[in-house]
Structures are given as C-alpha cells and as structure tokens.
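Asker: Quick one: sequence and predicted model below, then my questions.
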Amino acid sequence: MTGLRQRCLLCALLFMGWLSNSHAFGQDFVLVSMNNDMPAISESKAKMLYLGKLKSIDDFGRVVLLDWPEGSNEKQDFYKSFLKKSIPQINSRWARLAFSGKGKPPESLDEATVQALGQWLQDNPRGIAYVSREQIPPGAKVILDIEQGAGR
C-alpha cells in the first residue's frame with residue numbers, strides 16, 4: 001500500500017507541475033486598437049498577421065503590430081498559447097521574412113506596461129496589440145477576444 005500511495009502522490013505532483021507549466025489556467029488575450037474604425041477580425045486572420053502571412057485587413061488596409069518586450073511573460077504566453085510557437089521559433093520566422101524582404105516583425109514596446117502600450121496605440125492609429133483581458137488600456141477597442149482553449 002505504501003508503494004501505491006507514493007505513486008499516487010508522485011502522479012499528483014507531476015500533474016500539478018504540468019498544470020502550472022502548461023498555462024492551462026493561463027491568460028485570455030484580446031487584440032485591441034485605439035482606432036474606432038478598425039474592424040473586428042477573426043482568429044485565423046489574427047494568426048496570419050502575427051505569423052507575417054498577412055499585412056492588412058479587408059476594408060481597412062495595412063496594419064502595424066505591436067509586441068511586448070523580449071523576455072516578457074506576456075509575449076511568451078501569447079505566442080505559446082495562441083500560435084503554439086516558442087519565442088525562438090517566432091524570432092526565426094520573422095528573421096527569415098525580414099531577410100527576404102517579405103515582412104517586418106512587430107514593433108516592440110520598450111517597457112512592459114499597459115501605459116506604454118496604450119500610448120503606442122494612441123500614436124499608431126493603424127496599430128494592433130495583444131493584451132490579457134485584465135490589461136485592456138482605457139479607450140481601447142477589442143477587435144478579437146481570444147478565449148483560452150478556443151481554436152487550440
């Protein structure tokens with residue numbers, strides 16, 4: 001019986017570790033803009049934008065994307081949960097696109113704050129940024145609500 005209890009305890013600990021590392025209870029992200037004319041977009045279009053496969057939105061035109069700073073939890077969580085990509089995979093993809101002249105990576109915030117993100121969006125009327133639902137800057141328009149677990 002002792003061996004069984006030890007195995008059950010070990011399984012429970014491994015499961016709890018998996019939950020904490022898998023972001024199973026991670027952030028729900030939204031895409032936002034400060035431009036009221038920016039249309040809502042689909043999850044597939046958002047993925048295409050952040051993978052560099054799309055540069056504009058129908059009936060709106062070219063958009064500018066924003067990333068959180070390199071090394072930030074927001075950036076890592078967003079790419080891992082939404083695009084199923086690691087930061088090195090995303091950086092490699094954007095480097096290839098930039099080298100071939102087919103794309104320009106998203107601009108990066110200098111500091112990981114909602115205030116900096118909100119100011120960037122104010123300064124870039126064609127800008128789109130991702131934030132957790134709890135971080136939506138005042139006055140921002142949600143153009144896509146990415147539910148945890150949806151489309152994954």
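Answerer: Received it, and whenever you're ready, just let me know what you need.
Asker: Output the lowest mean pLDDT helix or strand found in the protein.
Answerer: Across the helices and strands of the chain, mean pLDDT, DSSP states H and E gives its lowest value to helix 2-22, namely a mean of 45.
Asker: Can you spell out which helices and strands pack onto the following helix or strand past that one?
Answerer: Along the chain past helix 2-22, the next helix or strand (assigned with DSSP states H and E) turns out to be strand 29-33. In terms of contact count using 3 or more C-beta pairs under 8 Å, 6 or more residues apart in numbering; DSSP states H and E, strand 29-33 is assigned the packing partners helix 73-82, strand 127-132, strand 141-146. Yep, even glycine has a C-beta here, placed from its N, CA and C like the rest.
Asker: Show me what the mean pLDDT comes to for strand 29-33.
Answerer: Mean pLDDT, strand 29-33: 96.
Asker: quick revisit: most tightly packed of the helices and strands packed on strand 29-33?
Answerer: Comparing the helices and strands packed on strand 29-33 on average neighbours per residue, with mean count of other C-beta atoms under 10 Å, the densest one is strand 127-132 at a mean of 23.
Asker: Find the nearest non-adjacent residue to Lys104, please.
Answerer: Ala98 (6.1 Å; C-beta to C-beta, 6 or more residues apart in numbering).
Asker: check which helix or strand covers the one you found.
Answerer: Element membership for Ala98 (DSSP H and E) is helix 87-100.
Asker: mind listing what's buried in that helix?
Answerer: By 16 or more other C-beta atoms under 10 Å, the buried positions in helix 87-100 come out as Ile90, Arg93, Trp94, Leu97.
Asker: Run the chain-centre distance for it.
Answerer: Per C-alpha atoms, centre = their mean, to the nearest Å, the displacement of helix 87-100 from the mean C-alpha position of its chain is 16 Å.
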